[in-house]
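In: quick one: sequence and predicted model below, then my questions.
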Amino acid sequence: MKNILLPISFSETSKNALYCANLIAKEHGATLSLLHCYSGYEYNREHDFGALGYDEGVRRMLKTFYTKNISSIERQPIILLACEGSVSDNISEISHEYELLVLSRRTGDLSISKIGFSDKLFYLTTKSPCPVLLLPSNRAVYSFSEVKNIWHIQRKDIETDLVKLQLLNLNINPNLVKSKSLQQETFLSLFWQNIVNYAKNPIDSELKRITESYASEHIDLLILVNHRKGIFENFLKDDTFRIISQFDIPILVLQSNK
């Protein structure tokens, strides 16, 4: 892996995602590209850089943000990208040049809401031609070298070889993967059993069982494969996945061209 793309909004969430993306870039010797997008209309822009061009002002902000939050001994080669237009449009256009897109997502309490993905996150995840790592917004430290327990929610048999190949490209041991299916009938994980039960009988009492059983799990990475766009989009919108996405599990979406 040579190139990683990370959108930056200069928020606390961006700070956490930056630290994780930088760790991954360091362990792969990769270049990290920091992207900030801004409105094409001057009256709708957040910052005033005076006589300095807006692109240059944004790039300086990105550099300051990076040096402020990453210690000198941890810094990696970076590229600073200031792009006019929406994040969705820009990432859709340039992400094919990268081996990994790192995004941050909100998680929440199942008893309060089934948040799921925002429209923007949903679009980026389903349309990106490169793998997408979706990190919980509260996770301040994460690297692939620390991954030990990987779950793959398998929906087709053809996914197995693709997962193995792409994990090797990310320097992740594919032998650590445990395949899960919403159709399975025997279980070693109570957490997954409760999720499958909910998929079959989506009642609120099952949500409490899911939350309670998650406390006994330690899932370092959850893998999905996007191999049929329409079907994958429906899967992400399904209540069962919306519930899974509420937990603080990093999610890696691998893209298939088949």
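Out: It's in.
In: in which helix or strand would I find the closest residue in space to residue 235 that isn't next to it in sequence?
Out: Distances taken as C-beta to C-beta, 6 or more residues apart in numbering put residue 241 closest to residue 235, at 5.9 Å, once the chain neighbours are dropped. C-beta coordinates here come from the backbone N, C-alpha and C atoms, glycine included. Applying DSSP states H and E as the criterion places residue 241 in helix 239-244.
In: burial count for residue 100?
Out: By the criterion of other C-beta atoms under 10 Å, residue 100 has 26 neighbours.
In: export stretch 174-191 to CSV, keeping only CA atoms.
Out: Coordinates of each C-alpha in stretch 174-191 appear next as CSV, following Å, rounded to 0.1, in the frame of the first residue of the first chain:
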residue,chain,number,x,y,z
PRO,A,174,-6.1,-13.5,6.4
ASN,A,175,-5.9,-16.6,8.7
LEU,A,176,-7.3,-14.3,11.5
VAL,A,177,-10.6,-14.0,9.7
LYS,A,178,-13.7,-15.7,11.1
SER,A,179,-16.6,-15.9,8.6
LYS,A,180,-20.1,-15.0,9.8
SER,A,181,-23.4,-15.3,8.0
LEU,A,182,-26.9,-14.2,8.8
GLN,A,183,-28.0,-17.7,7.6
GLN,A,184,-25.8,-19.7,9.9
GLU,A,185,-27.4,-22.0,12.5
THR,A,186,-24.6,-22.9,14.9
PHE,A,187,-22.7,-20.3,16.9
LEU,A,188,-19.6,-19.8,19.0
SER,A,189,-20.4,-16.1,19.6
LEU,A,190,-23.5,-15.2,21.6
PHE,A,191,-23.2,-11.6,20.2
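In: so what's residue 56 up against?
Out: Contact analysis of residue 56 by C-beta atoms under 8 Å, 6 or more residues apart in numbering lists 49, 82.
In: one more time with 10 Å
Out: Residues near residue 56 by C-beta atoms under 10 Å, 6 or more residues apart in numbering: 49, 80, 82.
In: what's the closest of the residues you listed to residue 213?
Out: Distance to residue 213 across the contacts of residue 56 (C-beta to C-beta) is lowest for residue 80, with 43.9 Å.
In: in contact with that closest one, which residues?
Out: Contact analysis of residue 80 by C-beta under 10 Å, 6+ apart lists 8, 33-36, 55-56, 58-63, 65-66.
In: and the strands in the stretch 51-200 of the chain?
Out: 78-84, 100-105, 132-136, 150-153, 177-180 (DSSP state E, counting those that start in this stretch).
In: re the thing from before, quick check, the residue nearest to residue 235 in contact with residue 134.
Out: No. With contact defined as C-beta atoms under 10 Å, residue 241 does not reach residue 134; the gap is 11.9 Å.
In: joint contacts of these two?
Out: Common contact partners of residue 241 and residue 134 (C-beta under 10 Å, 6+ apart): 117, 224, 251.
In: among these, the buried ones, what's the PyMOL command?
Out: Provided next is the PyMOL selection string for whichever of the shared contacts of residue 241 and residue 134 are buried by 16 or more other C-beta atoms under 10 Å:
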select buried, resi 117+224+251
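In: for the shared contacts of residue 241 and residue 134, please prepare a markdown table with the additional fields pLDDT and distance to residue 124.
Out: As requested, the shared contacts of residue 241 and residue 134 are arranged in a markdown table below (pLDDT from 0 to 100; distance: C-beta to C-beta, whole Å):
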| residue | pLDDT | distance to residue 124 |
| --- | --- | --- |
| 117 | 74 | 9 |
| 224 | 94 | 14 |
| 251 | 95 | 13 |
